[in-house]
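Engineer: need a structure here:
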Amino acid sequence: MPGIATIVLVDYKGQRSHSRLEVKDKKAVEGVVSFLKGHSDAKVISASYSEPVAVPEDNTDPGKSDRVAQKLVGLYKTQPTDTSLSKAVRFSIPAPRDEDIDKDQEMDSDVAEDLKDMLQTATGKKLRFYGGYLTSKRPHSLKNKMTGV
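Structural biologist: Okay, the predicted model is just below:
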């Protein structure tokens, strides 16, 4: 079954890059890794394969932050243990709903709690909330028509 290969590389300065490619099967990931090892000065540090998952039909809704370039970012930290230090966990919600953003363009408290619960379930780690904010990147296609007088 076709899936997505994700290969993570790191350069000599510690900067990471992710290469993603649709591949025909899990075995094809090895070929992609081998190619990158032979053609990149960066070090391959991980490779993964994921198959598509059927998602029930969903709809888009209009809102103040209805573009995927706008993201509601939640910041969390793992609880330190005797054997590990705390690590930052960041998760973004693209095109967040208006009710999830408070008047200061920060993450609503209920959303922060729901997101924390989801992340703890997904990662198996205890998390502490460190804030959330709305961010925006320049969209790929900008409106270029002026309608003023």
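
Engineer: how about residues contacting the top helix by length along the chain?
Structural biologist: The helix of greatest length in the chain, counted in residues with DSSP state H as the criterion, is given as helix 109-123. Contact with helix 109-123 is made by 72, 74, 76, 89, 91, 93, 100, 107, 125-127, 129, 132, as judged by Cβ atoms under 8 Å, 6 or more residues apart in numbering. C-betas here are computed from N, CA, C, even on glycine.

Engineer: can you lay out those as TSV showing secondary structure?
Structural biologist: Conversion of the contacts of helix 109-123 to TSV gives the following (DSSP: H, G, I helix; E, B strand; the rest coil):
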residue	secondary structure
L72	strand
G74	strand
Y76	strand
V89	strand
F91	strand
I93	strand
D100	helix
M107	strand
K125	coil
K126	coil
L127	strand
F129	strand
G132	strand
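
Engineer: of those, grab the buried ones for ChimeraX.
Structural biologist: Buried members of these, identified by 16 or more other Cβ atoms under 10 Å, are gathered into one ChimeraX selection as follows:
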select :72,74,76,89,91,93,100,107,125,127,129,132
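
Engineer: any weak-confidence spans in the protein?
Structural biologist: Along the chain, the model assigns pLDDT under 70 to residues 66, 138-144, 149.

Engineer: now do the strands in it.
Structural biologist: Read by DSSP state E, the chain holds these strands, from start to end of the chain: 3-10, 16-23, 43-50, 70-78, 88-94, 127-136.
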